[in-house]
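Novice: for reference, the sequence and a predicted model appear below.
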Amino acid sequence: AHDCTVDCNSRGGFRAFTCQDSAGMCHLRKMSVAGLTHVHLLPSFHFASVDDNKSNWKYVDEAELAKFPPGSDEQQAAIVAIQEEDPYNWG
């Protein structure tokens, strides 16, 4: 959902796997060369709690997160503040 090398209409869905030059697909090819034979995709079904309208998705400003110490309460608070409106839901 956040790979900027995938066109925005394909981000956040299985169609992203058709973008052969994306960072994610390049990484999967490298892992395959290294011996990876299986990938477990999660989630593997549509979550009703993720808004299908991608223009409504919210993201945390990664530059702002980088200003905080790793694992800080400030980073967690920034994620929690948008968790109901971001494109992630792990069930």
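Specialist: Now that the structure is in, tell me what you want to look at.
Novice: just the strands in this structure please.
Specialist: For the chain, applying DSSP state E gives no strands.
Novice: can you list the domains in it?
Specialist: The record's domain parsing of the chain by automatic domain parsing lists 1-38, 42-91.
Novice: quick check: which ranges of the protein have low pLDDT?
Specialist: 1, 43-47, 90-91 (pLDDT under 70).
Novice: tell me the phi and psi of the residue located most distally from the centre of it?
Specialist: For the chain, the largest distance from the centre (CA atoms, centre = their mean) belongs to Gly35, which lies 24.1 Å off. The phi/psi pair for Gly35 (degrees, to the nearest 10) reads phi 120, psi 0.
Novice: same deal with Val50?
Specialist: Backbone phi and psi, for Val50 under degrees, to the nearest 10, turn out to be phi -100, psi 120.
Novice: likewise Pro70?
Specialist: According to degrees, to the nearest 10, Pro70 has phi -60, psi 140.
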